[in-house]
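Colleague: Coordinates for the following, if possible.
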Amino acid sequence: MKNDIRTPSAVERLKEIIRDVPDFPKKGIVFKDITPLLADHAAFSETVRLLADNYKGRGITKVMGIEARGFILAAPVALALGAGMVPVRKKGKLPYRTISASYSLEYGEDTLHVHEDAVGRGEKVLVLDDVLATGGTAGAVCSLAEKLGGKVESVAVLIELGFLDGRKKLAGRDVFSLIKY
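Modeller: Sure, this is the predicted structure:
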């Protein structure tokens, strides 16, 4: 990874804006709600800048955004990088032929889909989501990109919940998180 573009003051400002929602989506989970950050123009702009700056000059051609908050971050990051944005969605949400990958997450199981022509052979892919928890979601998206012939350059997240050890499922991959809890 190139020089760390995060500064303590920038990260602390962003952390202050993110709110904790206890017992969502189920009892015992503290949900990191980024909607206040998205509603704050300066904070949202800084988030996109910090994420995109980490990947400038790395030849990213596709940014795969994971439903649903990952879309919000992936689209402006893709624009900043001059790359295409690929939505990765839940079953039944994409209109064209898809491939899928199933995975476990911290409170259940799910399956993700992507259009079968979303990533071309050899394209450099950035997988982007709002949170890295157990690593199952990001790992599934990496497998989708690779099934399509893409090369996963990195996994990037706004928030990493380090106590859930999600990096273990992504062993051997470049992982960048802006904020760590």
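Colleague: Now for the nearest residue to residue 97 once chain neighbours are set aside, how many residues are close by?
Modeller: Spatially, and ignoring its direct neighbours in sequence, residue 97 is nearest to residue 116 (4.9 Å; C-beta to C-beta, 6 or more residues apart in numbering). (C-beta placed from N, C-alpha, C; glycine too.) Neighbours of residue 116 under the rule other C-beta atoms under 10 Å: 14.
Colleague: now residue 116: how far from residue 149?
Modeller: 11 Å (C-beta to C-beta, to the nearest Å).
Colleague: Relative to its centre, which residue of this structure is most distant?
Modeller: Distance from the C-alpha centroid of the chain peaks at residue 27, with 24.4 Å (C-alpha atoms, centre = their mean).
Colleague: Could you measure from that one over to residue 161?
Modeller: 17 Å.
Colleague: on that earlier part again, correct me if wrong, but the residue farthest from the centre of the chain is in a strand.
Modeller: No: secondary structure of residue 27, determined by DSSP: H, G, I helix; E, B strand; the rest coil: coil, with no strand assignment.
Colleague: Helix or strand for the residue nearest the centre of the chain, just tell me which one.
Modeller: Per C-alpha atoms, centre = their mean, the C-alpha nearest to the average position across the chain is that of residue 129, at 1.7 Å. According to DSSP states H and E, residue 129 maps onto strand 124-132.
Colleague: can you give me how far that strand is from the chain middle?
Modeller: The chain centroid and the centroid of strand 124-132 are separated by 3 Å, computed with C-alpha atoms, centre = their mean, to the nearest Å.
Colleague: Tell me the strands beside that strand, with direction?
Modeller: Strand pairing for strand 124-132, using DSSP bridges, gives strand 62-66 (parallel), strand 151-160 (parallel).
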